[in-house]
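Asker: what's the 3D shape of this:
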Amino acid sequence: MRPGGRPALLLTLALALAAGACTKARDLTLPTAEEIESHYTSETTLEAAINGNVAEVSVQQSAGQLRRGGTMWAKVGPYIYLFSEETRQLFEDYPGLAAVRVITRTASGAEISNALLARDELSDILWRRSLNISGLARRDGTEHPRLLEDLIRWGEEHTEHEYNRRYTS
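Answerer: Residues are numbered from 1 along each chain as shown. Next up is the predicted model:
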């Protein structure tokens with residue numbers, strides 16, 4: 001080691017440690033079930049839970065929707081809630097939240113479908129696109145089923161999803 005090299009190395013290490021100590025600790029706060037529920041508005045029964053660092057939202061889907069819309073309504077249910085301003089806000093408010101899963105259920109509690117959206121799946125641009133696709137489907141999907149199909153396709157591309165064959169075959 002050259003003369004003076006050791007003090008320079010020690011100084012460099014001390015500065016690196018000091019810089020690391022000055023970084024702000026990341027807030028990994030997770031929401032409670034009540035805080036998750038408060039982010040969403042729903043005309044049907046909505047329940048929430050936290051499972052590890054994943055928010056789980058269960059929504060009751062009406063039998064009438066399933067009768068009228070069949071497979072399409074069985075599949076689109078979770079995406080209506082996942083690709084929403086409410087979910088985006090939940091991610092913003094709770095940096096420790098890794099994902100949001102939405103599960104649609106019948107009145108008797110049987111699972112119809114579920115989809116999990118990871119925090120890092122959507123960039124700002126993709127969030128804007130998601131909100132646009134979902135908003136159009138919510139507003140005009142009954143009159144224009146193609147909009148629901150677009151939302152299903154988008155959801156299948158950006159989530160981990162599972163459909164109950166009883167309702168989707």
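Asker: C-alpha from now on. contacts and neighbour counts both.
Answerer: Will do.
Asker: Now residue 84. Its backbone dihedrals?
Answerer: Main-chain torsions, residue 84, degrees, to the nearest 10: phi -140, psi 160.
Asker: where along this protein do the helices fall?
Answerer: 5-21, 33-39, 63-82, 85-93, 124-140, 145-158, 165-168 (DSSP state H).
Asker: do you know which of those helices lies nearest residue 57?
Answerer: With respect to residue 57, and counting by CA to CA, the nearest of these is helix 33-39 at 7.8 Å.
Asker: Using CSV, write out every CA atom in the closest one.
Answerer: Extracted in CSV, the C-alpha atoms of helix 33-39 (Å, rounded to 0.1, in the frame of the first residue of the first chain):
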residue,chain,number,x,y,z
ALA,A,33,-58.7,-3.4,6.6
GLU,A,34,-60.8,-0.3,7.5
GLU,A,35,-58.4,2.0,5.7
ILE,A,36,-58.5,-0.2,2.6
GLU,A,37,-62.3,-0.2,2.7
SER,A,38,-62.4,3.5,3.1
HIS,A,39,-60.6,4.0,-0.3
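Asker: Now tell me which of the helices of the chain the model trusts least on average.
Answerer: For the helices of the chain, mean pLDDT drops lowest on helix 5-21, to a mean of 56.
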